[in-house]
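Novice: Show me the folded form of this:
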Amino acid sequence: MKQKIYNILVLAILLLMAVSPASASIQRASADLPIGGSIDADLGDSILQINRVPYTTTAESPTPSPTDTAEPTAQATDTPIPATSTPVPTNTPDTSAAEVWHAPGAHVGLDGSMLNAHDHGKPVPQCVANWIAQNADVLGTDHLVFGGDESTPNENLKKHQGFKIYSDTFIDKAGHANLVTVRMHMMTSPAGEASIFHSMEVYVCHFDGTVSFFQGWPDFAEGAALDPNSATSNFMQYPDGCIDPSYPFMHTNNPAGRPRMIINTIYCYDLLGRGNFDSWYPDFHNVLGEYGFTVCDTYFFDGDPTDPSTWTPFPGFGNCNGLARRFEVTLRRGTKPFGPFYADQFGRIMTGLNDPRCGQTVTAHGIQNLKVICLYQYLSPTFAPIGSPGNAFQEDYPGPVTLPN
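Specialist: Model prediction:
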């Protein structure tokens, strides 16, 4: 009996550690980091500097499987910009492939260095390409670009490989088929997983030929972004059955719903003998909607977000290359008006580009001096909500790719 009581007390203490606040364990990255400038400006997104303890991986490669969904039916018709599978240095780099969708492969980055072979998901569907070209005057571009005005600072320069395009047909609540295309920025690496904000564009090609378009920053922390009392770090959760003592700021569950991220640590992988897919669930965004991204992991969470040499590849990388992905979408009208309108990256509806809040600097989730970006949006009069059931799809994307991807 005494042993039983002792075990229960130990378990209770561990659970309390898992749900305790992270304020004492996490320090916001400062502006004098060795890579130059602030994390916000150099790595793209907003990043926390987290004390991570290195471990040695000993367990065998996992074979995780996300939930099966129907095969997608969307067909893309764009001709891809070619990339090579083997990087070739050049003194006069062509950076066009760094700004648009291209076939899986390697190419020159915006800074002139050679990027490793990577993929960007599905090609841009023709209905999306046509709509962008027709609205170039308000969008500032006649094609879908990576690192546009909706992006977080320098994410294309520092984390170009993270741009992924998801596209599939979903039936809305009015019974109509819609081709939903999402350009999401995410990386299952220490740098990507420590970022509170990423960027996203959403295109909904409706049955009548119209297109709804939304853009902004998905939010991976708890509470309203501009609320001074909101959380200053992502709401992260361990894999089921593990509590990693190195990261007491993480959680075993989210009483209010799904966590923002479910990630893998080396300690938990060694303990359980398996790993999970990375699952990302950004907070509901008034303009963007609500999403779930489940991706075959590429790196463990352990390591310095600013130093890729400290990152440990996930053992299952050789089996899936980060190419197995599942996508869930829920779209509601919210407070969006029909027709064209403007909103900032946090989802606040603006009166237009002359709204006095445009260009102001704000603090969001503790990140200071973020510039308010007023972005063009469009809600088609034929828009109808999209949600479960039938609001998810999964597929394996083509390679070849290497890390990071």
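Novice: how many other residues sit next to residue 375?
Specialist: A total of 23 residues lie near residue 375 under the criterion other Cβ atoms under 10 Å. For glycine as for every other residue, the C-beta is placed from the backbone atoms N, C-alpha and C.
Novice: In contact with it, which residues?
Specialist: Counting by Cβ atoms under 8 Å, 6 or more residues apart in numbering, residue 375 touches 149, 150, 215, 216, 342, 343, 344, 345.
Novice: Now with 6 Å, please.
Specialist: The neighbours of residue 375, taking Cβ atoms under 6 Å, 6 or more residues apart in numbering as the test, are 150, 215.
Novice: now it, what's its secondary structure?
Specialist: The three-state assignment at residue 375 reads strand, by DSSP: H, G, I helix; E, B strand; the rest coil.
Novice: Contacts for stretch 386-401 next, please.
Specialist: Against stretch 386-401 from outside (Cβ under 6 Å, 6+ apart): 66, 69, 72, 85, 104, 117-119, 121, 168, 170, 172, 321, 323-324, 326-331.
Novice: show me where the stretch 251-400 of the chain has strands.
Specialist: Using DSSP state E, counting those that start in this stretch, the strands of the stretch 251-400 of the chain run over residues 261-262, 278-280, 290-295, 324-330, 339-344, 349-350, 361-364, 367-371, 374-379, 392-396.
Novice: Could you say which one of those comes nearest to residue 140?
Specialist: strand 374-379 (8.6 Å; Cβ to Cβ).
Novice: From the chain's centroid, how far away is that closest one?
Specialist: Offset of strand 374-379 from its chain centre (Cα atoms, centre = their mean, to the nearest Å): 20 Å.
Novice: Renumber starting at 55 from here on
Specialist: With the count now opening at 55, the last piece we talked about shows up as strand 428-433.
Novice: And the strands in the stretch 105-254 of the chain?
Specialist: 159-162, 168-172, 217-225, 231-239, 254-259.
Novice: where does the protein have its least confident helix or strand?
Specialist: strand 80-82 (a mean of 23; mean pLDDT, DSSP states H and E).
Novice: what about the protein, any weak spots by pLDDT?
Specialist: Within the chain, the ranges that satisfy pLDDT under 70 run 55-149, 306-311, 370-373.
Novice: repeat that with 80
Specialist: 55-150, 292-295, 303-313, 370-375 (pLDDT under 80).
Novice: now the helices for it?
Specialist: 56-73, 93-96, 180-188, 190-193, 209-213, 244-247, 320-326, 371-374 (DSSP state H).
Novice: Pick the most buried one from the strands of the stretch 305-454 of the chain.
Specialist: Burial of these is given as mean neighbour count (mean count of other Cβ atoms under 10 Å); strand 332-334 ranks first at a mean of 24.
Novice: Report the distance from that strand to the chain centre.
Specialist: For strand 332-334, the distance to the chain centre is 9 Å (Cα atoms, centre = their mean).
Novice: Which secondary structure elements does it sit against?
Specialist: strand 344-349 (3 or more Cβ pairs under 6 Å, 6 or more residues apart in numbering; DSSP states H and E).
Novice: what's in contact with the strand it packs on?
Specialist: Contacts of strand 344-349 (Cβ under 6 Å, 6+ apart): 120, 242, 331-335, 338, 379-380, 382-384.
Novice: mind running it again at 7 Å?
Specialist: 120, 238, 240, 242, 272, 331-336, 338, 376, 379-384 (Cβ atoms under 7 Å, 6 or more residues apart in numbering).
Novice: Need the buried ones from the contacts of stretch 440-455 selected in PyMOL.
Specialist: The PyMOL command for the buried members of the contacts of stretch 440-455 (criterion: 16 or more other Cβ atoms under 10 Å) is given here:
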select buried, resi 120+123+126+158+171+172+173+175+222+224+226+375+377+378+380+381+382+383+384+385
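Novice: picking up where we left off before, dump the strands of the stretch 305-454 of the chain to a markdown table, plus distance to residue 234.
Specialist: Below are the strands of the stretch 305-454 of the chain laid out as a markdown table (distance: least, Cβ to Cβ, whole Å):
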| stretch | distance to residue 234 |
| --- | --- |
| strand 315-316 | 22 |
| strand 332-334 | 17 |
| strand 344-349 | 10 |
| strand 378-384 | 6 |
| strand 393-398 | 19 |
| strand 403-404 | 22 |
| strand 415-418 | 27 |
| strand 421-425 | 28 |
| strand 428-433 | 14 |
| strand 446-450 | 10 |
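Novice: Identify whichever of those strands lies nearest to residue 218.
Specialist: strand 378-384 (7.4 Å).
Novice: Relative to the whole chain's centre, how far out is that closest one?
Specialist: 11 Å.
Novice: swap in stretch 349-367?
Specialist: 15 Å.
Novice: now do stretch 212-231
Specialist: 13 Å.
Novice: Dump it to CSV, restricted to CA.
Specialist: Only the C-alpha atoms of stretch 212-231 are listed here, as CSV (Å, rounded to 0.1, in the frame of the first residue of the first chain):
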residue,chain,number,x,y,z
LYS,A,212,16.1,32.0,-44.0
LYS,A,213,13.5,29.2,-44.2
HIS,A,214,12.5,28.9,-47.9
GLN,A,215,12.1,25.2,-47.7
GLY,A,216,9.2,25.6,-45.3
PHE,A,217,6.8,26.9,-48.0
LYS,A,218,4.2,24.2,-48.7
ILE,A,219,1.1,24.2,-50.9
TYR,A,220,-1.9,22.0,-50.0
SER,A,221,-4.8,21.7,-52.4
ASP,A,222,-7.9,19.5,-52.5
THR,A,223,-11.6,19.6,-53.2
PHE,A,224,-14.0,20.0,-50.3
ILE,A,225,-17.8,20.1,-50.2
ASP,A,226,-19.2,23.1,-48.4
LYS,A,227,-22.3,23.2,-46.2
ALA,A,228,-24.4,24.3,-49.2
GLY,A,229,-23.4,21.1,-51.0
HIS,A,230,-21.1,22.8,-53.5
ALA,A,231,-17.6,21.6,-54.4
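Novice: Could you list the buried residues of it?
Specialist: Going by 16+ other Cβ under 10 Å, stretch 212-231 has these buried residues: 212-222, 224, 226.
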